[in-house]
Structures are given as C-alpha cells and as structure tokens.
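1. predicted coordinates and the sequence they were generated for:
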Amino acid sequence: MLLCQTLRLFCITTAVQRKNVGASGPEKYTEAFIKKQIEEFNLGKRHLANMMGEDPETFTQEDIDRAIAYLFPSGLFNKKARPLMKPPSEVFPEQRKIQWGEDGRPFHFLFYTGKQSYYSLMHETYEKFLNVQKHQDQLIAEDLPLQKEKRNLAGSRWLTKIELEEMLLEKVSDDDYTRFIQLLQKLVALPCADIEEKYIQKFSKEVPVQLQKVVIEPLQYDERGVAFSTGEGKRKTARATAVIYDNGTGKITVNGIDILHYFPVLQDREQLLFPFQFLGRIGKHDMVCTVSGGGRSAQAGAIRLASAKALRSFVTEKEVEFMRQAGLLTVDPRVKERKKPGQEGPRRKFTWKKR
Amino acid sequence: MLRSLKGLVCRSLRLDRGCALHTAARDGLSSVSSQDVPAERPRAVFHTSESDPAKHTEQHEARLYNIPLEEVKAVFPHGLPHRFQQQIQTFNEARVMVRKPALELLAYLRGSNFAHPAVRYVIYGERGTGKTMTLCHVLHYCSRQGWLVLHIPDAHLWVKNCKELLQSSYKKDRLDQPLQASAWLKNFKTSNERFLQEIKTQKKYMWGKQESTEEGRPLGEVVEQGLARVRSATDAVGVVLREIKQQSHRGSFRLLVAVDGVNALWGRTTLRKEDKSPVSPEELTLVHNLRKMLRNDWSGGAIVTTLSQTGSLFKPSSAYTPQELLGKEGFDALDPFVPISVPNYSPREFESCYGYYLERKWLQHEKAHTEDGKAELRFLSGSNPRQLDRLAGPL
C-alpha cells in the first residue's frame, strides 16, 4: 500500500545519498509521481472505507485517522512514528517540481539566477509599485485629490522569513528578505496604494489583540435575588471553584468548613484575603468554595485565583486590568519538576566522589 | 503654674477614666486643657468603670472592666491563662471583657437556690474563644461575694508530665502526686486565707505513724501539714476537699468548685507505672477525690467547669462538644449539667477589643489604625479572641 511504498522510497533515497555525496537535498519528485500518489491515496481511502463498512463518498480525514488507529494500534510515544495515512500533499513536503522539461531547457526565464521565485516576486512587486506611481501621476495631472486612506498597520504584520520561504518554496537569505520587506513598505507608503490592496494583503497577517480574548461573565442572580458569580482556579495539583455572593458579611466556607478551621495557618488565610483586600471589599462578600487535590498552600493559591476570577464580574474593567497587573488573574505555571535519570532529584546531582 | 495645673488635670482624669459622664471633671478642666478631653471620649465606649462583677448587666456587655492588681494576686494566684498574665504585666492593668456567657452564668448563680444540690455548669466552645476567661470572671464574682473558691487551674496538669508518682499510703492501689498537690495547696492557701481559720476539722486524721491532726483544728493546719510534709500533700488535699464538701451544706459559706479542663478527669493519662503499664485516672488520688467533689450530692454552692481541647490527651483537635471531649464515662458522671457555649467575638466585642489595643498603643503598625486594617484583622483572625491576640502581638 501507500505506506509500504513510502518506506521503500525512503530507503532508496538514503542508499542513493550514501553513494552520491554531491547530491544536495532530498530527491525531487516529478509531477507525474505526485499525481500517481494522489490517485493511489484516493483509491486506498475508498478501500479503507469499504473495510470499515462506511460510505466511501463521505469518508473524512478524521475517519481515516480513527480507522488506521484501530487497525494498526501502536504504543509508540512519538505520534509521528505511528502508522499514518495522509494525503500526499502533507506527506511529501512541498517541493519544487523539476523545473526543466524533457529537453533540459528550464521553464522559467530567471532559472539561471538561482533564486527564480524570489527575483520574479521582486519584479512583480516593483511592477505594482510603478503602476501605482503612474496612477498617482495621472491623478496629479487631472488635479484630482489623492486618496489618503491609511491602512491600519497596527493590527497587521508582514510575513516572516520562514513563511516567505514556504510561499516561494526556496531558501531566502536575510538580506533578500529585508529588501523585499522594504520594497513592500515603500509601496504601502504611497498614497494611492489602495489599488494594489489585494496584492499587498497576500503578504500581511492579522495580529489578534491580547485582551479581546478574555470574556467576563455577567452576574447571575439566585432565588433570593442576591447577585453571585463563580470562578475556577488551579495551582499545582489543586483545583478550586468559588461562588461569591453579594451583600455578605465576609464569611468564607471551604468544603463546608469555616476557613479558620480549614486553614489554621495564617499564610493561607492571607492568600485568601488578598483579592478582597486589593479591591477593598473585605467585609462585603460571602464566599462558598470547594477545593480538592494539592497541599495546603496549593489549595490556598487555587482558591485565591478562583475568587479573583469570580470577583471580575462585580468590578469595573479598569479594576480588572489592575488585578491582572497585580498577578491575581494569572495561573501560576510552576509545577513539580520531573526527576531526571542519573540525578537524585530534578536539579540535585549525586554526590561527586573523586575516586 | 499652668504646667503644674495640667499635671494635676491629667492625674485626676486618669483616676476616673472610663466614666461615661465625667461632668464635674470636664467642666472644671475645660478652661485649662482641651486636648485630653476628646481622647477620653472614645475610651468610654468600650470601657466600664464597674469593677464589681455583681453589678455587671447586659448594659456592660462587650466592655472591659478593670480588676485591681492586688485583687488579681489574691484571687488568681493560679488560673489565669499565660498570655493574659503577660498582657497584665505589659499593660500594668488587668482588663477583662464582659461577655454574654459570663453574664448568663452570673444570672444563674444569683438565682440559684442553695438548699438544692449543687448545679453543674459546663462551659464549652471552640479553641481560643474565651472559656477560661469566662471562668475567671465568674471566680472573681464569687470571691467578691465571699464564697469559698476551690479553683483547679488545669486538670490536665494532674494527668500528664508528672515526674514523681508515689504509692498512696491510704489506699494501696492508688498513686499520689506530691508535687502537683503541694503546688495546688500553696495557691489554695493564698486565695482563701480567712476560710482556713474558720473551718474546723470534724475528724481526727493520721499522717503516717506519729503525726496527726485533732478534731476541731482549723483547716489551715491541714494545709500546713501538707506543705511541710510533701509526701502527705495528696492526702492533705483529699482531707481539705472532704471537709469542705461536708460542711458546705450547713450554710456558713458558699462553695464554688471551679475546674478548668474537666475532661482530663475522665480521659486517659500519659503516666505509666514502674512496670510500664498505663495509669488510668481513677488510680490517681487527686483525680479520685476531685471526681467525688464534682458529684452533685452536696448543696450550698455551685460547680462551674470548662472543657479544654488544648491540653487534652488523645483527642482530635476538631473536638469541642461535651460529648466528644468528656467521653461516655465523663458525660454520664457530669450529667445532668447546664451547658454554656462560648462563641467567637461578636462584631461589638471585636470593636471593643480592637479599640482597647489601639488605645494602649499595642498596635503600632500605621495600617492597623485604618478601617482597612481593622477589616483585615477581623478577616484574618475570624473574630477568634486567641487568633486576634496572636495577630496583634507582632503588629
């Protein structure tokens, strides 16, 4: 099947490489080869669908993955080492198909520059640039006002060097990349660049703003009409949920037990106090929390995070921003580090003996 | 001239401090200095000048009253909590808060009929809520009223950490504790001097082969005997208890038996005999005699006891109800009793305690003077008196 053929191909490749030291890079595939692989993949997909008793027409890639995992169960840790069946476009890296015809004559006119895609891209971009300038001159000649709509550069970024390499399917050096970006920036700086908007959009990407992702839930009301909100928090292995009620007296219950009994240590109670004290709402809310896992300090930290998240609903956005900057809303990423073989602990080495 | 007058003013203000209506004083002094007078007013809220517990009513609730230091030495030679004693030394005064459980107990005591058998009161509550202080308040009242006070400061001290155990000469299978007995006799002597002369023995007691106390001798002699001969101190204690119990119903004096940590009498001990077998509380003479006192087969007084988890042995730290701490045996022995629960500080009491610390400049931190600081203290201590005391210490 497809898998066995792939394996055979790779074996041959390495054998070839060992013989010809001069051969650079992996073997290039012809277009016909790729086409054949696609046909074989589709055929194999239909066979697999038949085997599994599903409809071949509506057999998606997820179904294929599930079927392969069922038919060839593997206990290997590395997911990439397990048996897989993917469309050839994913398996064979996008490479340039062979650029010259039967007679040895290259297709592209810039082939002998060595970086044909890069130079053709530069030529294209400069052509657009000249276009825009001509349009601008036309407008000046006709005494029409130049459009001055500025592109919003704040939320976008140019392609990175790696992304450009993927697009052009050939290596791009740092200097070349810089020159290309400079050219793009010059193009965008012109007032009438809106004409080539579509072309420029190919090379720019959106950058999502950080804070927009966080959504603060609104307050909920229970049967008595008292406003409450919930929050979840975690620290090390402890998980906690907190429900904060409005119009309270500052009473806090953890797993049904008063905090004075559940946390006899002052340090833990101080951790619980922190969000309320920061917002100045010490005696105003009641809290009921449940917590499990972890140790006493981890549980206290988890409840602190949960209560801070729940308090967001009661508080203005500015104060939420203050809380975030104070570190009340961030999950503490520190967990126990794994012990390494050859060492006594995560960092501690065995005692060094001179002899 | 003005300076000396000011000095006089300050002294006279201090003498009648806490008076809610310092009329005459204020009128006379308003012309001289106005800075001291506003400082007195906040003090009036949580202090009371009523230093006789007999006159304490709900009006005085959540306020602190002063016990003169000489009385403290006379009435409480032992029995005040250690931290409170340190506080007395620091502040140079003994201020006790008047709280609801104590007022309740005082009301019961006032209304009790002394012809009936003695009523037993058990003060219980969580750790650090003020049970021992309530007991001390009641003790103060009784000693002011002229009762004979039999105060065992901590029964746990008799069932653990005893260095010497002697076999009792009176009964073969019981064990004596000379050190604890003599310490207690010494303190008993300080607190009840006049009764020791008044009460006379009703039987002849033999101390060993040669010494004896005749009938009709004052009880003071028995106490002296116990203090002089340490070996017979435990028996002396037993004699004292017996005599007092027998004579209390006559009516010449009222008897108050105050035991702190009464759950020690029915629990287990950490003591071991010489053959490493554990000692049960009945085998200790002191405990045996005390248990006889706690039976309500006598009249003419009251029994006030406190449960205590802090010094108790082999009991979980979350136990605080009478059932858990006394066990079945103790509960049956003390049944029937009047339970009195002592809760954490109410908001008013908390304000009062906080104000007292502020006034005595015990809270030095700048933030502690603010409202936020007060809310923080309230949250962190959970309105528990002991926690608040420990928190306020380093501040």
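-> Yep, that arrived. Keep in mind it's a predicted model, so treat the numbers as computed, not measured.

2. where's the residue positioned nearest the centre of chain B, which helix or strand?
-> Closest residue to the average C-alpha location of chain B: residue B:136 at 2.9 Å, with C-alpha atoms, centre = their mean. Following DSSP states H and E, one finds residue B:136 within helix B:131-145.

3. who touches stretch A:303-320?
-> Residues lying outside stretch A:303-320 but in contact with it, judged by C-beta atoms under 8 Å, 6 or more residues apart in numbering or on different chains, are A:216-219, A:227, A:229-235, A:240-244, A:246, A:254, A:271-272, A:274-276, A:279, A:281, A:285, A:287, A:289, A:291, A:323, A:328-329, A:331-332. The way it works is simple: take the backbone N, C-alpha and C, and place the C-beta from them, glycine included.

4. which of the residues you listed count as buried?
-> Neighbour counting by 16 or more other C-beta atoms under 10 Å in any protein chain shown classes A:227, A:229-231, A:233-235, A:240-244, A:246, A:254, A:271-272, A:274-276, A:279, A:281, A:285, A:287, A:289, A:291, A:323, A:328-329 among those as buried.

5. circling back to that earlier point, following the helix holding residue B:136, which helix or strand comes up?
-> strand B:148-152.

6. so how far is that next one from its chain's centroid?
-> 9 Å (C-alpha atoms, centre = their mean, to the nearest Å).

7. mean confidence score for the helix or strand just after that strand?
-> The element immediately downstream of strand B:148-152 (helix or strand, assigned by DSSP H and E) is helix B:156-159. Confidence over helix B:156-159 (mean pLDDT, whole number) is 83.

8. got the contact list for helix B:156-159?
-> B:152, B:177, B:180, B:261, B:264-265, B:267-271, B:281, B:284, B:286-287, B:308, B:311-313.

9. buried residues of stretch B:153-163, list them for me.
-> B:153, B:154, B:155, B:156, B:157, B:158, B:159, B:162.

10. show me the contacts for the residue in the stretch 1-150 of chain B positioned nearest to chain A.
-> Using C-beta to the nearest C-beta, the single residue of the stretch 1-150 of chain B nearest to chain A is residue B:126, 8.1 Å away. By C-beta under 8 Å, 6+ apart, residue B:126 lies in contact with B:320, B:344, B:384.

11. among the residues you listed, name the ones in helices.
-> The members of the contacts of residue B:126 all map outside helices under DSSP state H.

12. report the entries of these that also contact chain A.
-> When contact is defined as C-beta under 8 Å from any C-beta of the partner chain, the contacts of residue B:126 meet chain A at residue B:384.

13. mind listing what residue 345 touches?
-> Picked chain A for this. residue A:339.

14. the intended chain is chain B.
-> Taking C-beta under 8 Å, 6+ apart as the test, what residue B:345 contacts is B:353, B:383, B:384, B:385, B:388.

15. with residue B:178 instead?
-> So residue B:178 contacts B:164, B:166, B:230, B:231, B:233, B:234 (C-beta under 8 Å, 6+ apart).

16. gap between it and chain A?
-> Per C-beta to the nearest C-beta, to the nearest Å, residue B:178 is found 38 Å from chain A.

17. pLDDT score assigned to that residue?
-> Residue B:178 is assigned 84 on the pLDDT scale.

18. and residue A:222, how many neighbours does it have?
-> Residue A:222 has 10 neighbours, counted by other C-beta atoms under 10 Å in any protein chain shown.

19. that one touches residue A:228, doesn't it?
-> Yes - Residue A:222 is within contact range of residue A:228, at 5.8 Å (criterion: C-beta atoms under 8 Å).

20. got a list of contacts for the helix or strand containing residue B:358?
-> Using DSSP H and E, residue B:358 falls within helix B:347-359. With C-beta under 8 Å, 6+ apart as the test, helix B:347-359 has contacts from B:42-43, B:45-47, B:61-64, B:95, B:97, B:99, B:345, B:363, B:368-369, B:374, B:377-378, B:383, B:385, B:388, B:392.

21. list the buried residues of the very next helix or strand once past it.
-> For helix B:347-359, the following helix or strand on the C-terminal side (DSSP H and E) is helix B:371-381. Burial within helix B:371-381, assessed by neighbour count using 16+ other C-beta under 10 Å, is assigned to B:373, B:374, B:375, B:376, B:377, B:378, B:379, B:380, B:381.

22. now do stretch A:172-188
-> A:172, A:176, A:177, A:180, A:181, A:183, A:184, A:187, A:188.

23. pLDDT below threshold where in the chain?
-> Answering for chain A, as no chain was given. A:1-28, A:95-97, A:145-154, A:208-214 (pLDDT under 70).

24. was after chain B, sorry
-> B:1-45.

25. of the buried ones among the contacts of stretch A:303-320, which belong to helices?
-> Here DSSP H is the test, and the buried ones among the contacts of stretch A:303-320 give A:271, A:272, A:274, A:275, A:276, A:279, A:323 as lying in helices.

26. you'd agree residue A:283 is in a helix?
-> No - using DSSP: H, G, I helix; E, B strand; the rest coil, the assignment for residue A:283 is coil, not a helix.

27. now do the contacts for it.
-> A:248, A:249, A:250, B:375, B:378, B:379.

28. which single one of the residues you listed is nearest to residue B:256?
-> Taking C-beta to C-beta as the measure, residue B:378 is the one of these closest to residue B:256, at 35.2 Å.

29. what's near enough to touch that closest one?
-> For residue B:378, the contacting residues are A:250, A:282, A:283, B:350, by C-beta under 8 Å, 6+ apart.

30. cool, and residue A:172?
-> A:115, A:118, A:161, A:164, A:165, A:180.

31. for chain B, what lies in contact range of chain A?
-> Within chain B, the positions near chain A by C-beta under 8 Å from any C-beta are B:318, B:372, B:375, B:376, B:378, B:379, B:380, B:382, B:384, B:387, B:391.

32. please, which helix or strand holds the residue in the stretch 1-150 of chain A that chain B sits nearest to?
-> Going by C-beta to the nearest C-beta, chain B is nearest to residue A:77 of the stretch 1-150 of chain A, at 46.5 Å. For residue A:77, there is no helix or strand it lies in under DSSP H and E.

33. up against chain B, what does the stretch 201-350 of chain A have?
-> With C-beta under 8 Å from any C-beta as the criterion, the stretch 201-350 of chain A meets chain B at residues A:250, A:258-261, A:266, A:269-270, A:273, A:276-277, A:280, A:282-283.

34. mind listing what the closest residue to residue B:214 other than its chain neighbours touches?
-> Using C-beta to C-beta, 6 or more residues apart in numbering or on different chains and skipping the chain neighbours, the partner closest in space to residue B:214 is residue B:204 (5.7 Å). Neighbouring residues of residue B:204 by C-beta under 8 Å, 6+ apart: B:212, B:213, B:214, B:215.
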